[in-house]
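Engineer: sequence and predicted structure are below.
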Amino acid sequence: MLLAIDIGNTNIEIGVVDGFPDANITDTWRITTKTFRTSDEYGLLLLQFLESGGYSPADVEDVIVASVVPQIMHSFRSSIVKFLDIDPMIVGPGIKSGLSIRMDDPKSLGADCLADCVGAYGVYGGPVLVADFGTATTFNYVDGNKAITAGLISPGLQTSISSLVSGTAQLPEVEITQPDSILAKGTKTAMQAGLYYNFLGGIERTIEQFHREIDEHFKVVATGGLGSMFKDDTDAIDIYDPDLIFKGMSLIYHLNS
């Protein structure tokens with residue numbers, strides 16, 4: 001089996017990928033991203049997750065990592081080498097993806113965005129607009145010629161909430177949830193409804209603008225933990241796939257191995 005690891009600003013997501021080209025994601029785990037963990041701490045967490053899924057280190061044939069947090073890569077890579085005896089493949093500049101990156105600075109495209117685009121195009125075809133709702137909300141467009149031609153980055157919902165709370169004196173922390181109604185009756189529900197519908201409106205307007213400026217029909221594929229909140233509340237999203245990045249990493253791994 002292939003162990004695919006997505007290191008994000010908020011969470012580290014680990015997926016067990018079985019099979020190719022149809023990647024079957026048999027287990028996933030998530031831990032909070034902490035800059036100051038040692039390689040031993042990361043290694044023990046990996047072993048505990050594997051054990052909880054009924055796996056042993058010997059079951060892991062290889063590891064691929066996509067990271068947007070360079071500060072922890074030394075410790076995390078060392079943990080994989082030490083505890084799994086595997087030097088992982090790293091998604092980054094120079095790796096084959098099957099897509100061309102026609103941006104002003106191709107190296108600036110995040111490893112997570114690249115893997116998302118590879119997964120979306122590889123599984124669902126193109127042209128495709130890939131939306132990832134994480135710490136940041138990203139949109140990346142892959143045209144019919146397998147080229148990533150445009151990208152957009154905006155604050156994620158959790159980032160917006162944190163900014164609102166830290167910038168005000170009396171507004172409390174609130175749970176991220178889909179409100180029952182926009183007709184809020186209290187401060188917490190007013191914040192939840194306001195954040196949700198403002199964010200939803202931004203998603204729909206952004207996708208609409210892509211449609212206006214791109215002269216070809218494309219599908220919209222969404223991913224990311226917060227994407228599940230919006231997938232059934234808008235017609236702008238065609239497909240929601242929570243495991244998209246793992247599928248993309250599997251395709252990248254097999255293309256390079």
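Structural biologist: Thanks, I have the structure now.
Engineer: any idea how far L200 is from the nearest residue to N9 once chain neighbours are set aside?
Structural biologist: With C-beta to C-beta, 6 or more residues apart in numbering as the measure, T135 is the residue that lies nearest to N9, at 4.3 Å, once sequence neighbours are left out. Every C-beta, even on glycine, is put in place using the N, C-alpha and C of the backbone. The span separating T135 from L200 equals 18 Å under the rule C-beta to C-beta, to the nearest Å.
Engineer: contact partners for the residue nearest the centre of the chain?
Structural biologist: Residue closest to the mean C-alpha point of the chain, counted by C-alpha atoms, centre = their mean, is G224 at 4.9 Å. Residues touching G224, when contacts are defined by C-beta atoms under 8 Å, 6 or more residues apart in numbering, comprise 131-134, 137, 242.
Engineer: lowest-confidence one in the residues you listed?
Structural biologist: Sorting those by confidence puts G134 at the bottom, with a pLDDT of 87.
Engineer: quick check, Q192 in a helix?
Structural biologist: Yes: with DSSP: H, G, I helix; E, B strand; the rest coil as the criterion, Q192 is part of a helix.
Engineer: quick one: what helix or strand has the closest residue to it other than its chain neighbours in it?
Structural biologist: Among residues not flanking Q192 along the chain, P179 sits closest, at 5.0 Å (C-beta to C-beta, 6+ apart). Here P179 sits in a region with no helix or strand, counting by DSSP states H and E.
Engineer: ok, now the one 10 residues further on?
Structural biologist: Using DSSP H and E, T189 falls within helix 187-213.
Engineer: if we can go back for a sec, show me the contacts of G224 that map onto strands.
Structural biologist: When those are checked against strands (DSSP state E), the matches are 131-133, 137.
Engineer: reformat the residues you listed as JSON lines; add neighbour count and distance to A150.
Structural biologist: Compiled in JSON lines, the ones in strands among the contacts of G224 are given as follows (neighbours: other C-beta atoms under 10 Å; distance: C-beta to C-beta, whole Å):
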{"residue": "A131", "neighbour count": "25", "distance to A150": "13"}
{"residue": "D132", "neighbour count": "29", "distance to A150": "14"}
{"residue": "F133", "neighbour count": "23", "distance to A150": "18"}
{"residue": "T137", "neighbour count": "23", "distance to A150": "15"}
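Engineer: now do the contacts for the closest residue to S163 other than its chain neighbours.
Structural biologist: Sequence neighbours aside, P155 is the residue nearest to S163 in space, at 7.1 Å (criterion: C-beta to C-beta, 6+ apart). For P155, the contact set (C-beta under 8 Å, 6+ apart) comprises 136-137, 163.
Engineer: try D132
Structural biologist: Applying C-beta under 8 Å, 6+ apart, one finds that D132 lies in contact with 112-113, 116, 138, 222-224, 227, 244-245.
Engineer: show me what the mean pLDDT comes to for stretch 76-93.
Structural biologist: The pLDDT scores in stretch 76-93 average 95.
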